[in-house]
Structure formats: structure tokens, C-alpha cells
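Novice: this one's structure only:
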């Protein structure tokens with residue numbers, strides 16, 4: 001779920017690490033940053049996981065470093081999008097910005113399955129580091145070229161978008177390599193909080209950073225965060241890659257679609273994620289319209305996004321307590337609630353408090369979804385196919401969101417935001433029903449695999 005989906009992406013045996021302590025290396029900056037933030041991370045992000053989860057997950061140094069890497073990567077994308085939006089609109093039209101964003105997004109979507117295959121066959125730590133480093137360079141290049149050539153900016157944006165497809169998939173493999181399989185659902189719930197935290201920070205800060213610092217320094221800040229993320233992921237012990245598949249026989253790009261046919265529950269999750277695309281693709285645009293109508297300025301937009309983000313965070317904190325046997329039903333139920341509540345926002349759009357309450361509930365449902373979806377997607381799939389299946393999922397998620405955004409942009413010329421919200425919510429519920437039927441037709445998992 002989500003672009004900032006987006007926002008998704010660590011299995012070295014914990015007992016192995018405990019018996020193989022390594023001497024410290026002179027990487028003072030990133031290690032000090034990681035150690036100083038560890039206490040904050042464990043208290044803020046593990047409230048819903050319980051004491052046992054906190055010991056098993058946050059006491060793993062590789063997992064902590066990979067969590068912070070994911071946070072920096074998400075903030076890099078958010079900051080870059082804000083700087084690009086403000087910078088382009090300062091001297092060009094909204095249609096120019098739309099084409100710029102489209103040119104930067106489509107190449108990344110097309111490369112998704114390829115990225116998954118690369119991660120399945122190569123060292124995921126190296127793949128993540130290279131992807132983040134390329135993002136850093138291209139982000140800084142956009143800042144320098146913005147006043148000179150939009151074509152060059154579009155090329156940098158497209159390259160950064162392609163590079164961004166690799167780290168989330170690589171980080172997901174590394175997370176699964178850093179923890180015992182029984183801790184994977186808790187790890188996914190913890191990582192899902194990155195999206196909520198990023199959304200809250202973005203809603204509260206908005207374009208303040210661009211206003212205070214300027215466009216180029218904001219691009220430079222995004223570049224710095226990507227570079228720090230690349231340095232931090234490189235400090236993950238090499239032993240965390242011991243579970244990666246062998247590259248024997250060369251690179252194989254097939255197998256992802258065959259895996260979806262072989263494991264219908266994974267295919268159902270991918271169908272289900274398009275239900276979010278019907279809402280999430282134009283969520284910011286539609287909330288921007290509603291917020292502006294409520295307060296006649298940007299404060300309403302900030303309030304609505306912050307309330308929704310707070311609900312997301314709460315949902316991700318609660319979802320870690322769910323029993324494994326109810327995960328599929330909880331995920332489908334959360335999608336149904338999300339669609340119905342989104343449709344109910346339309347008649348309440350003139351009242352700030354009821355709209356905020358509805359978005360808070362919708363955010364909680366969304367928190368359940370982003371906390372469960374990766375666990376459900378990969379739990380039946382063999383580890384050697386995780387990258388390819390996750391790549392297909394990210395393509396479906398991103399493509400449905402972009403298509404929804406394009407359709408909403410066209411529909412706003414002939415319909416009101418309230419009408420579009422109702423249609424999107426009900427269509428989302430319809431897709432949820434179809435995916436629920438696919439879940440019911442999926443064969444039961446073997447008992448040995450079910451205890452995740």
C-alpha cells in the first residue's frame with residue numbers, strides 16, 4: 001500500500017549474531033545516529049508489539065539500522081517531491097508539473113519486476129546501497145538543474161525513480177534475514193509505521209522547509225538523507241546476507257507470475273492492493289480540496305492529513321497484537337471499512353470535526369492494512385521468489401494509484417470532489433469483495449507454514 005508505500009522494506013539468525021560479535025568499525029556518524037535513536041525507536045514504534053516483541057526485534061542491531069534506513073529513504077522521497085512540486089510551480093504551470101511527475105514515475109513502475117529479480121539473485125545489501133546512492137546523486141542533480149533544463153530534471157527524476165524501486169525490496173529481504181520467521185509479522189508492522197510517521201511529519205511541516213530554506217537546500221537535504229541511508233545499510237553485518245539465494249545458473253527474471261498462480265493468497269493480496277489505489281491515488285488532491293473548502297487556507301489540509309496519519313500510526317501499533325489465524329480476515333475487513341468510511345466522508349465534508357473523525361477511523365483501518373499486507377503477501381511464497389513477487393506487488397500498487405490519480409484529475413472537470421469520493425469508496429469495496437472471494441478459494445496452508 002502507498003507510494004510513499006510506497007513505503008515498505010530486513011534474516012540473519014539472531015542466535016548466530018549473538019554468538020558472533022564483531023569488532024566496531026570506524027563508522028562513527030551512522031553508528032552514533034543509530035545508537036542514539038534506538039531508545040526512541042523502541043518506545044515510539046513498539047507500543048503495540050508487547051515486551052517479547054520489543055526484545056526480539058529492537059535488540060537486533062541489523063533490524064534497527066534497516067528500520068532507520070527505511071525511514072530516511074521514505075523522507076528522501078517525500079522531501080524531494082515537495083521540493084520538485086514547489087520548484088516547478090514557481091515558474092511553470094500545473095500541467096507541466098503533472099507531465100514531470102508522470103515522466104519520473106512511469107520508468108520506476110516498469111522496472112519493478114526486474115528490480116525484484118535482481119534482489120533475488122544478488123546481495124540485497126549491495127543493491128540497496130547502490131540504489132540509495134544513485135537516488136542521492138540524482139536528487140541533488142534535480143536541484144542544480146531546475147533553473148536550467150526541465151528535460152534534464154525529468155531525466156534525473158526518472159533515474160531516481162528507477163533507483164528507488166530497488167531499496168524497498170532489498171530492505172525487505174534483509175529484514176527477513178535479520179529476524180526469526182516467527183517475528184516477521186511484528187517486523188512488518190514496525191516498518192509500516194514509517195509511512196505513518198512520514199505522513200504526519202509531512203502534514204505538519206508541509207512546504208515550510210522549502211519556504212525557509214529554499215528549493216536547492218531542500219533538494220540537498222533530501223540528498224543527504226539518501227546518502228546517510230546508503231551508509232547505514234552498508235553497516236548491516238555481512239552475515240545478514242547468508243539466506244540469500246545463490247546466483248548459480250545466472251539471473252532469472254521469470255517466476256513471479258507463476259508464483260502468483262501457484263500461491264493464490266499472494267495473488268489475492270495484489271488484487272486487494274488495487275482497492276487502495278482507487279482511494280490513495282487521489283487522496284491528497286481530494287483532501288486538499290476538502291481542507292481548502294473548510295478553512296479557506298492550507299491549515300485545513302494539514303489538519304486532515306495529520307489526523308489521517310495519526311490514525312495510521314495507531315492502526316500499525318495495534319495490528320502487531322493480532323493472532324496469525326485472523327490476519328487475512330482482518331486485512332479484508334480493514335479494506336472494507338476503509339472504502340465505506342471514505343464514501344461516508346462526502347456527506348460530512350462541510351463539517352471539520354465529523355470529517356476528521358471519519359479520517360481517523362479510516363487511518364486506523366489503513367494502519368491495519370499496511371501492517372499486514374507484506375506479511376500476507378510473502379508468507380506462502382518461497383524465499384527465493386520474494387523479490388519478484390514483491391516487485392509485482394509494488395508495480396500493481398503504484399500503477400493503480402497513478403491510474404486513479406489520472407482518472408480523478410479528468411473527473412474533477414465534470415464532477416465534484418464529494419461525488420468522486422463516493423464513487424471511489426464504493427468501487428474500493430467492490431474490489432475488496434472480489435479479493436475476499438480469491439482468499440476463500442486459496443488452498444489452506446500446511447500446518448508447519450501456518451505458524452508464522
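Specialist: That came in fine, so what should we check first? Computed from a prediction, not measured in an experiment: that's the story for all the values here.
Novice: Let me see the contact set for the nearest residue to residue 85 once chain neighbours are set aside.
Specialist: What sits nearest to residue 85 in space, not counting adjacent residues and going by Cβ to Cβ, 6 or more residues apart in numbering, is residue 97, at 6.3 Å. All C-beta spots, glycine's among them, are computed from the backbone N, C-alpha and C. By Cβ atoms under 8 Å, 6 or more residues apart in numbering, the residues touching residue 97 are 84, 85, 88, 89.
Novice: Same question for residue 438.
Specialist: So residue 438 contacts 264, 267, 268, 271 (Cβ under 8 Å, 6+ apart).
Novice: Among these, which one lies nearest to residue 213?
Specialist: residue 271 (42.3 Å; Cβ to Cβ).
Novice: can you tell me the helix or strand for the residue lying closest to the closest one once chain neighbours are set aside?
Specialist: Spatial nearest neighbour of residue 271, excluding adjacent residues (Cβ to Cβ, 6+ apart): residue 435 at 4.5 Å. Assigned by DSSP states H and E, residue 435 belongs to helix 417-441.
Novice: all helices for the stretch 301-450 of the chain, in order.
Specialist: 327-345, 352-378, 386-411, 417-441, 447-450 (DSSP state H, counting those that start in this stretch).
Novice: low-scoring pLDDT stretches of the stretch 301-450 of the chain, where are they?
Specialist: 439-450 (pLDDT under 70).
Novice: how far does stretch 221-240 sit from the chain's center?
Specialist: The chain centroid and the centroid of stretch 221-240 are separated by 18 Å under Cα atoms, centre = their mean, to the nearest Å.
Novice: for stretch 352-370, same thing?
Specialist: A distance of 18 Å separates the centroid of the chain from that of stretch 352-370, by Cα atoms, centre = their mean.
Novice: And for stretch 175-189?
Specialist: For stretch 175-189, the distance to the chain centre is 17 Å (Cα atoms, centre = their mean).
Novice: Only the buried residues of it, if you could.
Specialist: Applying a neighbour-count criterion of 16 or more other Cβ atoms under 10 Å, one finds 175, 176, 177, 178, 179, 183, 184, 185, 186, 187, 188, 189 buried in stretch 175-189.
Novice: So residue 117 versus residue 390, what's the distance?
Specialist: As judged by Cβ to Cβ, to the nearest Å, residue 117 and residue 390 stand 11 Å apart.
Novice: who's more crowded, the two?
Specialist: The neighbour comparison of residue 117 against residue 390 (other Cβ atoms under 10 Å) goes to residue 390, with 29 against 20.
Novice: Now do the contacts for that one.
Specialist: Applying Cβ under 8 Å, 6+ apart, the residues contacting residue 390 are 8, 116, 168, 169, 172, 374, 377, 378.
Novice: same thing but at 7 Å, please
Specialist: 116, 169, 172, 377, 378 (Cβ atoms under 7 Å, 6 or more residues apart in numbering).
Novice: Quick check: which element contains the residue nearest to residue 85?
Specialist: Here residue 97 is assigned to helix 94-110, by DSSP H and E.
Novice: relative orientation of that helix and helix 386-411 in degrees?
Specialist: 160 degrees (axes from the mean of the first three to the mean of the last three Cα atoms, to 10 degrees).
Novice: what mean pLDDT would you report for helix 94-110?
Specialist: Across helix 94-110, pLDDT averages out at 75.
Novice: in the lengthiest helix in the chain, what's buried?
Specialist: For the chain, the helix with the greatest residue count under DSSP state H is helix 61-89. The neighbour-count criterion (16+ other Cβ under 10 Å) identifies 61-88 as the buried residues of helix 61-89.
Novice: Give me the phi and psi for residue 413.
Specialist: Dihedral pair for residue 413: phi -80, psi -20, per degrees, to the nearest 10.
Novice: what about it, distance to residue 437?
Specialist: Here residue 413 is placed at a distance of 35 Å from residue 437 (Cβ to Cβ).
Novice: again with residue 419
Specialist: Taking Cβ to Cβ, one finds residue 419 at 28 Å from residue 437.
Novice: can I see the domain layout of the protein?
Specialist: 1-16+25-251, 254-452 (automatic domain parsing).
Novice: re earlier: relative to residue 152, which of the buried residues of stretch 175-189 is nearest.
Specialist: Nearest to residue 152, judged by Cβ to Cβ, of the buried residues of stretch 175-189 is residue 175 at 35.6 Å.
Novice: That closest one contacts residue 187, doesn't it?
Specialist: Yes - under the criterion of Cβ atoms under 7 Å, residue 175 makes contact with residue 187 at 5.3 Å.
Novice: Other residues contacting the helix or strand residue 294 falls within?
Specialist: Per DSSP H and E: residue 294 is located in helix 283-295. Contact with helix 283-295 is made by 300, 301, 303, 304, 305, 349, 352, 355, 408, 417, 420, 421, as judged by Cβ under 7 Å, 6+ apart.
Novice: quick one on the thing from earlier: between residue 413 and residue 437, which has more neighbouring residues?
Specialist: The residue with more neighbours, out of residue 413 and residue 437, is residue 437; 11 against 6, by other Cβ under 10 Å.
Novice: Residue 368 touches residue 315, doesn't it?
Specialist: Yes - with contacts counted by Cβ under 7 Å, residue 368 reaches residue 315, the gap being 4.9 Å.
Novice: Where does the closest residue to residue 73 other than its chain neighbours fall, secondary structure wise?
Specialist: Leaving aside its sequence neighbours, residue 73 sits nearest to residue 229 (Cβ to Cβ, 6+ apart; 5.1 Å). According to DSSP H and E, residue 229 maps onto helix 215-234.
Novice: circling back to that earlier point, I'd like the contacts of helix 283-295 as a markdown table, with distance to residue 198 and neighbour count appended.
Specialist: Below are the contacts of helix 283-295 laid out as a markdown table (distance: Cβ to Cβ, whole Å; neighbours: other Cβ atoms under 10 Å):
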| residue | distance to residue 198 | neighbour count |
| --- | --- | --- |
| 300 | 21 | 20 |
| 301 | 16 | 20 |
| 303 | 17 | 20 |
| 304 | 16 | 26 |
| 305 | 11 | 23 |
| 349 | 26 | 20 |
| 352 | 24 | 17 |
| 355 | 22 | 24 |
| 408 | 22 | 21 |
| 417 | 24 | 21 |
| 420 | 25 | 20 |
| 421 | 24 | 25 |
